[in-house]
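Q: Please find the sequence and the predicted model below.
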2 protein chains.
Amino acid sequence: MSLTNASPADAASEAKSASHVLAALPASARNDALTAIHAALGVARDDILAANARDLELARKAAADGQLSSALVSRLDLGKKGKWEDMLKGILDVRDLEDPVGKVTLRTRLDEGLDLERVTCPIGVLLIIFEARPEVIANIASLAIKSGNAAILKGGKESTESFVAIARVISAALAATQVPNAAVQLVTTRDVIPQLLALDALIDLVIPRGSNELVRYIKNNTRIPVLGHADGLCSVYLEASADPAMAADVVVDAKTSYPAACNAVETLLVEEAALAAPFPAVAAALLARGVELRCDAASKAALLAPSSGIPADRLAALVRDARPADFDTEHLSLTLTVGAVPDLAAAAAHINAHGSKHTDVILTADADRAERFMSAVDAAGTYWNASTRFADGMRYGFGTEVGISTNKIHSRGPVGLEGLMIYKYKIRGHGQVSAVYGEGEGKKRFLHQSLPL
Amino acid sequence: MSLTNASPADAASEAKSASHVLAALPASARNDALTAIHAALGVARDDILAANARDLELARKAAADGQLSSALVSRLDLGKKGKWEDMLKGILDVRDLEDPVGKVTLRTRLDEGLDLERVTCPIGVLLIIFEARPEVIANIASLAIKSGNAAILKGGKESTESFVAIARVISAALAATQVPNAAVQLVTTRDVIPQLLALDALIDLVIPRGSNELVRYIKNNTRIPVLGHADGLCSVYLEASADPAMAADVVVDAKTSYPAACNAVETLLVEEAALAAPFPAVAAALLARGVELRCDAASKAALLAPSSGIPADRLAALVRDARPADFDTEHLSLTLTVGAVPDLAAAAAHINAHGSKHTDVILTADADRAERFMSAVDAAGTYWNASTRFADGMRYGFGTEVGISTNKIHSRGPVGLEGLMIYKYKIRGHGQVSAVYGEGEGKKRFLHQSLPL
């Protein structure tokens, strides 16, 4: 890793050259580099925590002046119980994942002695822009090295001292390994970001981890492909046949277990036939957890009906009229938009028009209708009778999560190491030429025989 | 298919809605639509050929005035021997390919009764811009319907009458099928292209098929991902250990079997140790086929040496000095740039700096060095002892070719139907919630058990 003072174009150009070296290294060399980084960080613990303390001091002052949130200050603190140990363990966890490089995914005998193979390989150079979380730099450096990609990293400015200290240690550790130093580069000033975003000939993929605003700014200001999601507007569609207790459990989890997460539910669509039941049971459970419901006329009427059994004071406190904008809003808080729809087709059409293609759920007892919903809704995740909150790389069993993508190409949903890979085709021949193959007379035919992987 | 007079935004919006219907159709419904299109085109043969004759008449006049190349006129002609039949057969060929929709590529038991599945699904809406080749519209409409994607098509203006006639027939045929009419839309005026390229919320992928200029214009004027290649600068690296006759055969095929193709070789890099042999044998074979060699000093000296055995008149006629720009030029003609490099690493570095990441070849008798080259060169195809011209979807056995991609994400190399697919994650549960799972005490652990596909 180098702390680059080079121009952005030079830094990216060096990263590109380093990516070619890194791509050809065996798994053992990449894993050895992670072992070396882990050991070096362990030795340098005190220096890094001292640098982190300097970041913290500045941040606490800024927070006292009201310029920084206390949540951000808390996230900065590498000395918090378990955080340092988790950071170090994370490096070894990534090291011990299956090697994503060089997996053969297709093998075809084109002709005798002429074999085609499709093999996974790294994408090249990643530009990763993330928040002021010092532990993330070790995690991202590990992911890049493990996947054979070079990376240019830019972290939130409030954590600059910590980043620089960690980068120095990683850089020194890499010097004794086969991974080139320029394979991981740290950029510390925000003003180079627009210049980096213009380098589409050198940088192959941008991964922004952070606020919606950050992701949207990046998507609007680069021709480089961006992997990520600006919004997480997840919906749950509730059918009349759904078990009331099951439905209440799922919606409460989806809304309240981490309301600020991108995989939290923001809109509840209620089948008209479900307004009398099980909707009131679901609403009652949400209201009991302090969730504000922004209801359309039909769903509000269902709750105000005496048959709903919900106490009037609770309705008065937490049930509001939905404005049209609520159906396009990622609340990220204990607020849920609620609307009635005539049927499954209308629910899917609503989600396809208003959702963010992240994760959407149907709650129903009917398997056929569940399958129909899961096919019709265009999203990275479509679930039947499970919480939206399962949309997560660790929960999916990927061992790590690079980010969550709502893109329509390459990678979708929680992205693990696989999302940092592309493939190349290799042919091993014996001097074959193309001109002798064809359909005409006297031409050779291809075998196109599928070989075992 | 509709011949759209709607605004680009309305057309794209209708295509998006249609894509949601199409994505949920079973394979049988998509295949039936292709059968119907095939039958309807067969019936309408005379009308379409009459429309094509009108295109041809205009084009011949333009060619006589020197405004159009005769090659373009020839490509326009649907009445040419076998072309109509090939177009119709192509529809059934695509229909009979394996269904790319709904393939399960990952299956994980997260917990008892909570299964995760990754399933292939269509990308959504494709914008396909292509040349004045009337048969292409039937091919592309088939690919879109087969893959469950909606498509907006814009063909070269010289073939407008043919396109309109074919589109009318396809549209009428689709009316009797489950595929919505708006799933395939034809745009006939070039002025709407910039407007379509701005619709990144509605169009998911642009596929330009045509000139380098067209592809470059599109890449520079849209935020929508573009699948394609602007350049095809393929290289061959010749080592001293390569068999001379084998090397000559491969390079001659790569250069001369279709010089205007993107997978033709443009640069020959010669290991310094190979300059005395086998390079002269390879050069002699190329010169005998009329190939002009643009040589650097070292390679030129090797050819001018009496030991090369190449007649002086042939050298005088076809051997020229390479200018630096030649090493970055896609000649697309019987011209080849030739340069000497000290070793494999220099060859790979040269190709990574000057190539277009399309297809590059090493000619050598050494398997270890071949593997090193194929890893080190960053290209969609890296071959050992085989012609660059094998880089082709039909030759790879994909059954069709949507295009060739030099992108670093999603799809690379010859792209078949698979390149028009993405995936979604489905979870089928029984009301599970996320909050009960975790590392802490009293939390449930995920099983993460891989299930057979």
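A: On my side now, so go ahead.
Q: Could you measure from residue A:371 over to residue A:69?
A: Taking CB to CB, to the nearest Å as the measure, residue A:371 falls 44 Å from residue A:69. (Each C-beta comes from the backbone N, C-alpha and C, glycine too.)
Q: Look at these two and report which has more neighbours.
A: residue A:371 (16 against 12; other CB atoms under 10 Å in any protein chain shown).
Q: Am I right that that one sits in a helix?
A: Yes. According to DSSP: H, G, I helix; E, B strand; the rest coil, residue A:371 belongs to a helix.
Q: Report the contact partners of it.
A: residue A:384 (CB atoms under 8 Å, 6 or more residues apart in numbering or on different chains).
Q: pLDDT weak spots in the stretch 351-453 of chain A?
A: Counting by pLDDT under 70, the stretch 351-453 of chain A has no low-confidence residues at all.
Q: could you pull out the strands for it?
A: A:359-363, A:381-386, A:403-405, A:413-415, A:421-432, A:449-450 (DSSP state E, counting those that start in this stretch).
Q: Could you look over the ones you listed and pick the most buried one?
A: Ranked by mean neighbour count, these are led by strand A:359-363 with a mean of 32 (mean count of other CB atoms under 10 Å in any protein chain shown).
Q: Output that one as CSV - backbone C-alpha positions only.
A: Only the C-alpha atoms of strand A:359-363 are listed here, as CSV (Å, rounded to 0.1, in the frame of the first residue of the first chain):
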residue,chain,number,x,y,z
THR,A,359,-35.5,-6.7,-1.6
ASP,A,360,-39.3,-7.3,-1.6
VAL,A,361,-41.4,-9.8,0.2
ILE,A,362,-44.8,-11.5,-0.2
LEU,A,363,-46.6,-12.8,2.9
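Q: That one versus strand A:381-386: what angle between them?
A: Here the directions of strand A:359-363 and strand A:381-386 differ by 30 degrees (axes from the mean of the first three to the mean of the last three CA atoms, to 10 degrees).
Q: just how off-centre is strand A:359-363 within its chain?
A: 19 Å (CA atoms, centre = their mean, to the nearest Å).
Q: just stretch A:108-123 next, same as before
A: Put simply, stretch A:108-123 sits 31 Å off its chain's centre (CA atoms, centre = their mean).
Q: again with stretch A:361-378
A: 24 Å.
Q: Okay, now that stretch: how far is its last residue from its first?
A: Using CA to CA, to the nearest Å, the end-to-end distance of stretch A:361-378 comes to 12 Å.
Q: try stretch A:74-87
A: End-to-end distance of stretch A:74-87: 16 Å, with CA to CA as the criterion.
Q: and that stretch, anywhere near chain B?
A: No. For stretch A:74-87, no contact with chain B is found by CB under 8 Å from any CB of the partner chain; the gap never falls below 10.4 Å.
Q: Send me the longest helix along chain A as PDB with only the CA atoms.
A: Identified as the longest helix of chain A according to DSSP state H is helix A:45-64. Provided in PDB are the C-alpha atoms of helix A:45-64 (Å, rounded to 0.1, in the frame of the first residue of the first chain):
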ATOM      1  CA  ARG A  45      -1.400  -1.600  17.700                       C
ATOM      2  CA  ASP A  46      -0.300   1.200  20.000                       C
ATOM      3  CA  ASP A  47       0.900   3.500  17.200                       C
ATOM      4  CA  ILE A  48      -2.400   3.100  15.300                       C
ATOM      5  CA  LEU A  49      -4.500   3.600  18.400                       C
ATOM      6  CA  ALA A  50      -2.500   6.800  19.200                       C
ATOM      7  CA  ALA A  51      -3.300   8.100  15.700                       C
ATOM      8  CA  ASN A  52      -6.900   7.100  16.100                       C
ATOM      9  CA  ALA A  53      -7.000   9.000  19.400                       C
ATOM     10  CA  ARG A  54      -5.900  12.100  17.500                       C
ATOM     11  CA  ASP A  55      -8.800  11.700  15.000                       C
ATOM     12  CA  LEU A  56     -11.100  11.100  17.900                       C
ATOM     13  CA  GLU A  57     -10.000  14.300  19.700                       C
ATOM     14  CA  LEU A  58     -10.700  16.400  16.600                       C
ATOM     15  CA  ALA A  59     -14.000  14.700  16.100                       C
ATOM     16  CA  ARG A  60     -15.100  15.200  19.700                       C
ATOM     17  CA  LYS A  61     -14.300  18.900  19.400                       C
ATOM     18  CA  ALA A  62     -16.300  19.100  16.100                       C
ATOM     19  CA  ALA A  63     -19.100  17.200  17.800                       C
ATOM     20  CA  ALA A  64     -19.100  19.600  20.700                       C
END
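Q: Just the strands from the stretch 201-350 of chain A, written as ranges.
A: Ranges of strands within the stretch 201-350 of chain A are A:205-208, A:234-238, A:265-271, A:292-295, A:319-321, A:335-341, based on DSSP E, counting those that start in this stretch.
Q: For the last one, which outside residues touch it?
A: By CB under 8 Å, 6+ apart, the surrounding residues in contact with strand A:335-341 are A:237, A:255, A:265-272, A:275, A:283, A:286, A:291-296, A:298-299, A:302, A:322, A:326-327, A:329, A:331, A:347, A:350.
Q: what's the answer for the second one, then?
A: Strand A:234-238 is touched from outside by A:247, A:250-251, A:254, A:262-271, A:274, A:278-279, A:282, A:341, A:344, A:347-348, A:350-351, A:354-356, A:358-363, A:373, A:388, A:391, with contacts defined as CB under 8 Å, 6+ apart.
Q: same deal with the third one?
A: With contacts defined as CB under 8 Å, 6+ apart, strand A:265-271 is touched by A:232-240, A:251, A:254-255, A:279, A:282, A:299, A:302, A:327, A:329-331, A:336-344, A:347, A:350-351, A:354-355, A:361, A:388.
Q: again with the shortest one
A: Under the contact criterion CB under 8 Å, 6+ apart, strand A:319-321 has outside partners A:287, A:292, A:293, A:294, A:295, A:296, A:297, A:300, A:303, A:304.
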